[in-house]
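Enquirer: Fold the following for me, if possible:
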Amino acid sequence: MKRTRIADVLGMNPGTTILVKGWVRTRRSNRQVHFIALNDGSVIHNLQIVADVAHFNEDSLKAVSTGACIGVTGTLVASQGQGQSVEIQADEIEVYGGADPATYPLQKKGHSLEFLREIAHLRPRTNTFGAVFRIRHHMAMAIHTFFHERGFFYFHTPIITASDCEGAGQMFQVTTQNLYDLRKDEQGAILYDRDFFGKPASLTVSGQLEGELAAMGLGAIYTFGPTFRAENSNTPRHLAEFWMIEPEVAFNEIADNMQLAEDFIKYCVQWALTHCMDDIRFLSVRFDGELVERLNSVLSQPFVRLPYAEGIRILEKAVADGHAFEFPVYWGVDLASEHERYLVEEHFKCPVILTDYPKEIKSFYMKQNEDGKTVRAMDVLFPKIGEIIGGSQREEDYEKLLTRAREMNVPEKDIWWYLDTRRFGTAPHSGFGLGFERLLLFVTGMANIRDVIPFPRTPNNVEF
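Expert: Model prediction:
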């Protein structure tokens with residue numbers, strides 16, 4: 001008999017004989033019957049299995065304990081109890097793999113998220129992480145669908161690169177050299193002539209620069225893949241390995257870019273509400289009672305477009321009125337999360353797109369405004385998260401781009417190919433980057449970014 005997923009069983013009519021397989025969440029019994037809660041990961045809800053003592057004695061069910069993997073053949077019947085519409089009257093139970101109750105760490109009692117990070121190999125079996133990872137899947141589907149429907153092409157940018165897009169230098173190096181016996185020149189510099197690539201190479205921090213190359217030929221592209229930052233930030237908002245979505249669009253200017261970002265975020269949030277409501281409701285009850293309301297609020301109003309200078313004035317007035325920030329506020333500062341969240345949660349009470357940042361705090365490739373002080377950058381700020389998207393209109397003028405790269409000490413030899421796109425058929429273009437896990441924090445209501453990726457990579461943690 002072919003296995004039926006529990007997600008499909010819950011919508012079936014009673015009277016059918018079916019086979020289900022999954023993992024035991026709980027088992028309880030009385031003198032007449034055993035009740036087994038079974039889950040196969042396809043849905044947040046468990047399926048109740050009813051095993052009559054007349055057919056299954058206690059010895060035959062000893063191995064059916066919490067965590068065990070079993071297959072159940074039986075008849076789907078209307079449930080007599082509360083909490084489910086149907087249940088299975090079991091005829092046969094096969095144990096595929098037992099789980100010793102003395103050592104299996106996921107017992108019926110609640111477990112802290114900190115503890116579950118220590119056993120990340122078992123987290124997907126919990127209700128919480130089953131919900132999170134199903135939502136993660138659906139958000140990936142929403143992203144691909146959004147861009148495909150709008151004529152974008154999915155473009156694969158390299159994971160191993162010789163360029164530092166952000167210029168921060170916080171990159172993981174890739175080498176085949178013997179780290180215990182590195183060859184160096186007379187000045188003590190490492191020699192790479194025998195290394196695999198013949199030069200220093202690293203894991204990418206962004207696919208943006210290569211994405212721009214593709215947009216200059218394909219018109220509209222997006223990347224969706226892993227990126228890496230060797231940033232020693234042990235916070236609830238940072239990971240060393242995370243996923244990024246980066247669209248790049250030829251002929252789009254900053255206003256087009258802002259609208260694309262707003263449309264994109266709203267599409268993903270609506271997709272979650274349409275396809276993941278059971279999981280969202282569970283997470284709302286468990287972790288964040290305002291989750292559903294906050295998701296709907298994003299859809300109900302346009303995002304505020306706010307120049308950086310005006311944002312600073314609002315924050316300075318808040319300070320003058322007695323609001324205390326941990327970090328100082330002044331024109332030219334790179335806003336902290338507390339500043340961003342004040343603008344979103346307390347002042348405007350809706351998402352904000354902050355624009356026209358001082359050029360000194362932004363990357364070399366951003367298009368300069370006519371004032372000579374600011375660039376056409378944009379950050380989308382969200383409640384509870386702060387910055388969720390960062391982007392800009394890119395500088396299409398060769399001389400301006402080259403000058404800015406030199407000012408910021410970006411070596412020309414490393415970006416000659418990038419500069420070429422401004423020499424041969426340059427065009428206005430824009431794009432942005434969305435950290436996938438930041439989006440998931442917002443959609444799931446989870447508080448720590450380590451809890452929306454299966455196996456988090458953070459300082460001093462590379463387990464599993």
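Enquirer: Counting neighbours, what do you get for the nearest residue to Thr16 once chain neighbours are set aside?
Expert: Distances taken as C-beta to C-beta, 6 or more residues apart in numbering put Leu76 closest to Thr16, at 4.9 Å, once the chain neighbours are dropped. Backbone N, C-alpha and C define where each C-beta goes, glycine included. For Leu76, the neighbour count with other C-beta atoms under 10 Å is 21.
Enquirer: Let me know the distance separating Leu76 from Val20.
Expert: Distance from Leu76 to Val20, counting by C-beta to C-beta, to the nearest Å: 9 Å.
Enquirer: quick one: common contacting residues for those two?
Expert: Val9, Ile88 (C-beta atoms under 8 Å, 6 or more residues apart in numbering).
Enquirer: Which is the succeeding secondary structure element to the helix or strand that contains the residue nearest to Thr16?
Expert: Using DSSP states H and E, Leu76 falls within strand 69-78. Downstream of strand 69-78, the first helix or strand assigned by DSSP H and E is strand 86-97.
Enquirer: Now do that following strand against strand 69-78, angle only.
Expert: 170 degrees (axes from the mean of the first three to the mean of the last three C-alpha atoms, to 10 degrees).
Enquirer: what's the model's confidence in strand 86-97, averaged?
Expert: Strand 86-97 shows a mean pLDDT of 96.
Enquirer: what's the answer for stretch 320-337, then?
Expert: So the average pLDDT for stretch 320-337 ends up being 95.
Enquirer: ranges for the helices of the stretch 101-250 of the chain?
Expert: Ranges of helices in the stretch 101-250 of the chain, per DSSP state H, counting those that start in this stretch, are 113-118, 127-149, 208-218.
Enquirer: If you count contacts, what does the last one end up packed against?
Expert: The contact analysis (3 or more C-beta pairs under 8 Å, 6 or more residues apart in numbering; DSSP states H and E) places helix 208-218 against strand 220-228, strand 241-250, helix 416-423, strand 429-435.
Enquirer: Check the first one too.
Expert: Secondary-structure packing of helix 113-118 (3+ C-beta pairs under 8 Å, 6+ apart): helix 127-149.
Enquirer: 6 Å instead?
Expert: Applying 3 or more C-beta pairs under 6 Å, 6 or more residues apart in numbering; DSSP states H and E, one finds that helix 113-118 contacts no other helix or strand.
Enquirer: in it, what's buried?
Expert: Leu113, Leu116, Arg117 (16 or more other C-beta atoms under 10 Å).
Enquirer: which residues touch the first one?
Expert: Contact partners of Leu113, counting by C-beta atoms under 6 Å, 6 or more residues apart in numbering, are Asp451.
Enquirer: Now Val375: closest residue in space, sequence neighbours ignored.
Expert: Counting by C-beta to C-beta, 6+ apart, Val375 lies nearest to Met366, which is 3.9 Å off, once chain neighbours are set aside.
Enquirer: Run through the bridge partners of the one you found.
Expert: With beta bridges defined as DSSP bridges, Met366 has these partners: Arg394.
Enquirer: separation between Ile18 and Thr176?
Expert: For Ile18, the distance to Thr176 - C-beta to C-beta - is 53 Å.
Enquirer: In terms of neighbours, single out the busier of those two.
Expert: The neighbour comparison of Ile18 against Thr176 (other C-beta under 10 Å) goes to Ile18, with 17 against 9.
Enquirer: where are the low-confidence patches of the stretch 201-350 of the chain?
Expert: Within the stretch 201-350 of the chain, no stretch falls below the threshold (pLDDT under 70).
Enquirer: Would you map the strands across it?
Expert: 201-203, 220-228, 241-250, 304-307 (DSSP state E, counting those that start in this stretch).
Enquirer: Output those strands in JSON lines; the columns should cover distance to Asp321 and mean neighbour count.
Expert: Shown next, in JSON lines, are these (distance: least, C-beta to C-beta, whole Å; neighbours: other C-beta atoms under 10 Å):
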{"stretch": "strand 201-203", "distance to Asp321": "45", "mean neighbour count": "19"}
{"stretch": "strand 220-228", "distance to Asp321": "40", "mean neighbour count": "21"}
{"stretch": "strand 241-250", "distance to Asp321": "37", "mean neighbour count": "22"}
{"stretch": "strand 304-307", "distance to Asp321": "19", "mean neighbour count": "16"}
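Enquirer: can you redo those as CSV with distance to Lys373?
Expert: CSV is the format used below for the strands of the stretch 201-350 of the chain (distance: least, C-beta to C-beta, whole Å):
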stretch, distance to Lys373
strand 201-203, 32
strand 220-228, 30
strand 241-250, 26
strand 304-307, 12
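Enquirer: Thought Gln301 was touching Val352, still the case?
Expert: No. Counting by C-beta atoms under 6 Å, Val352 does not reach Gln301; the two are 11.4 Å apart.
Enquirer: Between those two, which is the more surrounded one?
Expert: More crowded of Val352 and Gln301, by other C-beta under 10 Å: Val352, with 22 against 11.
Enquirer: what about the closest residue to Asp414 other than its chain neighbours, neighbour count?
Expert: Among residues not flanking Asp414 along the chain, Ser163 sits closest, at 5.3 Å (C-beta to C-beta, 6+ apart). Residues within reach of Ser163, counting by other C-beta under 10 Å, total 20.
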